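A.B. asks: Next comes the sequence, and after it the predicted model I'd like to discuss.
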Amino acid sequence: MQPLFLIGDSELFFLREVLIPHLLIAIMALLPQTLLAAANEPMNDSPGADRPRIGLVLGGGGARGSAHIGVLQELKRMRIPIDVIVGTSMGAVVGGLYASGMTPDELQELINTLDWKNALSDGGSRGDLSFRRKEDDEDFPIRFEVGIRNGKLQLPQGVIQGQQLDLVLRELTINASQIRDFDDLPIPFRAVASDLVTGEAYVMGDGDLALALRASMSVPGAFTPVDINGHLLVDGGLVGNLAISVMRELDVDVIIAVNVEFPLYSKDDLLSAVDISEQVLTILIRKETQRQIELLGSNDILIQPDLGTFASTNFLDTAETIEPGIEAAQAAADKLARYSVSEVEYEHFLAAQGALSMPDETIDFIMVKHDARVSPQLLERRMQLQVGDKVDVKALSTEANRLYGLQVFEKVGYQLVDEGDSLGVVFSATSKRWGPTFLRFGLAIEDDFEGSTSFNLATRIWRPAINELGAEWRSDIRLGTDPLVSSEFYQPLRMDSRIFVAPHINIGQGNIGAFEGEKNVARYRVSEASFGLDIGAEFGTYGEFRIGAYRGAGKARVKIGDPLAENFDFDLGGILSSFNIDTRDSARFPRSGTQGEVILDLSRASLGADRDYETAEFNFDSSFSRGRHTLTLGLQFGSALNTSSELQDYFALGGFLRMSGLERGQLRGPYAGLARVVYYGRIGSTAGALLEVPVYLGASVEAGNVWGSSEDVAVNDLLMNGSLFIGLDTYFGPVYLAAGLSEGGGTNFYLFVGATPR
């Protein structure tokens, strides 16, 4: 059999030297392109090979938005992969945290444990307040501030500035703090807010994630707007509560939309102007939401949890919304099932998302940026954070609150910043836009139900941050039973703001009762005017020492009682020193902490006084709590070291918690002592959720007396008194309704509004 082809030497040469080498070169040239194409070619066993791209839209609804967590839990159980999320308001918060790596179970744990009352307020811890701001907190308990700007009264842009909410969101998103493009999150994300100037939706896909979440849920009037890139932003629910149109632009194949809007009230429920206003707002939001829902296609899914009339403001009971969210997702199980993937594919999908880790680095630099007149160094020296410390979100929040406790700034936040190989923290402090001068208010009413009533309305005019060292001017005006005009200029002398000088002036009037036994025989109206100069030092946020010289004059006139009783004038002058501490967690109904003061007054004729004498006064109260129960131990003592015979110099006892069974000021003398034990327990509140007014039931036991000389002071002379009371911690300050009893059988009844008995 003859071969079909005969290959000679020339053909072999051609094959070996020309054709085969060229074929190999061609194959090698094509090989990288072939491999690259193969890598990009979907494989049947790769995650997401043939499945559609799914987008999740989470709508706004305040506390109702916690139902989104239940939906997320069910989507996870059904193995529905989510490729991109768009959220509005509370939907942005839940969606943003989920997109940054939190699991549905972690989100549920968060809402169950978060202190919502603190997060949705500006108060923070009283321990973060400077000592002078603690004085404001006690003397002017109404938690409302008005500004004076360009000669006009100015209100804040929101009831809540968002200080604590900002810090909570910052802590929760710290893992994503250095991500600027939201497409780089484990799940790409968009937050929707409303532009207050244009009235249009503003979609945030980059920048500061915590700030974007804060902007999206800034309910107008309740929270201050957020300025991002020159846009003044408020809650996205106004113009895009269910932002389906935004998701349409993100190249998805399927949309799952979750709507948690509040339903319309029935006719019978529209009982007040507030109800009607809420209904109007709901109607406006629902019209836009319905337009968005109409954009859904046949393959898209709408989930609407049945939340009934669960209030949008009921953040204290958000856990109740989880189950309705789960049930709503289960009701859509037939439609959702088509997008479910296998366990292996879902695990691959989750692994491909990656995880963001907490920055485990040391701080290389610390900066404070602000727009006030005070020096940045002054603020930095008030902080305890040090270069070289590890990144700790709790410590960073504490430092931000410590600066905020100066109450010079509208809010204080922080960011982690990379500069080359260095990691730093930058604190940003924004001055109050309704300043630079501020007004605080106080109301005090006392009534013994026997014709003795006092009423005082006061305002404090406060101008902080006058210069780089943090000087401030503080003036009080009080109208009513005890009128007062006072002013003090507080000037720190050092950059750390600890040493200060303080010139001051005071003009005021008050009543002093003269008693014979239990009978009030006269009432004097005492007027005083004085001025002085103090020098002192602050001790952290808990105390202050000062010493200074003063000069003044006064007069006492009989207003009620024997018209022949003696009127008298007096001159004042001397050296006054005081040491004060305040570590209480509340000035109203403290559960822990101590308040104390020691006052030494050296009256000297050489400085203008009528004569030489000395007085010393000591006051101390410390509170301890367990559960709902609080016990306060108090001790007070006053001594005329060089006995004074003038009525205005005497120490007084009598009145609620100061010998409660006696009239106010019924006991007076150059020596006085009082020991007391006060108990109160919280028994409930007059309202729920965030507007609660705590109610307390309490009792006191008091032992005290006054003496004419140091030789007369004796423990066996102490008189026993006590009280029973109900207390409320209201917006206007503490309110007490009390009954006092003395060991001799005397009784008194008291009503206090806005005043803390001392």
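C.D. replies: Looks like it came in fine.

A.B. asks: Please, where are all the helices along the stretch 1-150 of the chain?
C.D. replies: Counting by DSSP state H, counting those that start in this stretch, the stretch 1-150 of the chain has helices at residues 9-14, 20-40, 67-77, 90-99, 104-113, 116-119, 131-139.

A.B. asks: So what's the residue count around D208?
C.D. replies: Residues within reach of D208, counting by other CB atoms under 10 Å, total 20. In this view, the C-beta of every residue, glycine as well, is placed from N, C-alpha and C.

A.B. asks: what residues are up against it?
C.D. replies: Listed by CB atoms under 8 Å, 6 or more residues apart in numbering, the contact set of D208 reads Q415.

A.B. asks: Any stretches of the stretch 551-700 of the chain with poor pLDDT?
C.D. replies: Scanning the stretch 551-700 of the chain for pLDDT under 70 picks out 562-565, 642-649, 686-691.

A.B. asks: go again using 90 as the cut-off
C.D. replies: 556-568, 610-611, 613, 640-652, 654-655, 662-670, 684-693 (pLDDT under 90).

A.B. asks: How about the stretch 1-150 of the chain?
C.D. replies: 1-51, 115-128, 141-144.

A.B. asks: which parts of the helix or strand that contains F620 are buried?
C.D. replies: Element membership of F620, judged by DSSP states H and E, is strand 613-626. For strand 613-626, the neighbour count (16 or more other CB atoms under 10 Å) marks Y613, E614, T615, E617, N619, D621, S622, S623, S625 as buried.

A.B. asks: Pull out the CA atoms of that strand and give them to me as PDB.
C.D. replies: Extracted C-alpha coordinates of strand 613-626, given in PDB (Å, rounded to 0.1, in the frame of the first residue of the first chain):
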ATOM      1  CA  TYR A 613     -16.600  89.300 112.000                       C
ATOM      2  CA  GLU A 614     -16.200  85.900 110.300                       C
ATOM      3  CA  THR A 615     -18.600  83.300 109.200                       C
ATOM      4  CA  ALA A 616     -18.100  79.800 107.800                       C
ATOM      5  CA  GLU A 617     -20.600  77.600 106.000                       C
ATOM      6  CA  PHE A 618     -20.400  74.000 105.000                       C
ATOM      7  CA  ASN A 619     -22.900  72.100 102.800                       C
ATOM      8  CA  PHE A 620     -22.600  68.600 101.500                       C
ATOM      9  CA  ASP A 621     -24.900  66.100  99.800                       C
ATOM     10  CA  SER A 622     -24.000  62.700  98.300                       C
ATOM     11  CA  SER A 623     -26.400  60.400  96.400                       C
ATOM     12  CA  PHE A 624     -26.300  56.600  96.000                       C
ATOM     13  CA  SER A 625     -28.600  54.400  93.900                       C
ATOM     14  CA  ARG A 626     -29.600  50.900  93.400                       C
END
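
A.B. asks: could you point out which element follows that strand?
C.D. replies: Next along the chain after strand 613-626, taking DSSP H and E as the criterion, comes strand 629-640.

A.B. asks: That following strand versus strand 613-626: what angle between them?
C.D. replies: Angle of strand 629-640 versus strand 613-626, following axes from the mean of the first three to the mean of the last three CA atoms, to 10 degrees, is 170 degrees.

A.B. asks: quick one: strands adjacent to the next helix or strand after strand 629-640?
C.D. replies: Sequence-wise, the next helix or strand downstream of strand 629-640 (DSSP H and E) is strand 651-653. According to DSSP bridges, strand 651-653 forms sheet pairs with strand 667-669 (antiparallel).

A.B. asks: What strands flank the helix or strand following the partner strand, and is each parallel or antiparallel?
C.D. replies: Heading C-terminal from strand 667-669, the first helix or strand you meet, by DSSP H and E, is strand 671-685. If you go by DSSP bridges, strand 671-685 pairs up with strand 629-640 (antiparallel), strand 694-707 (antiparallel).
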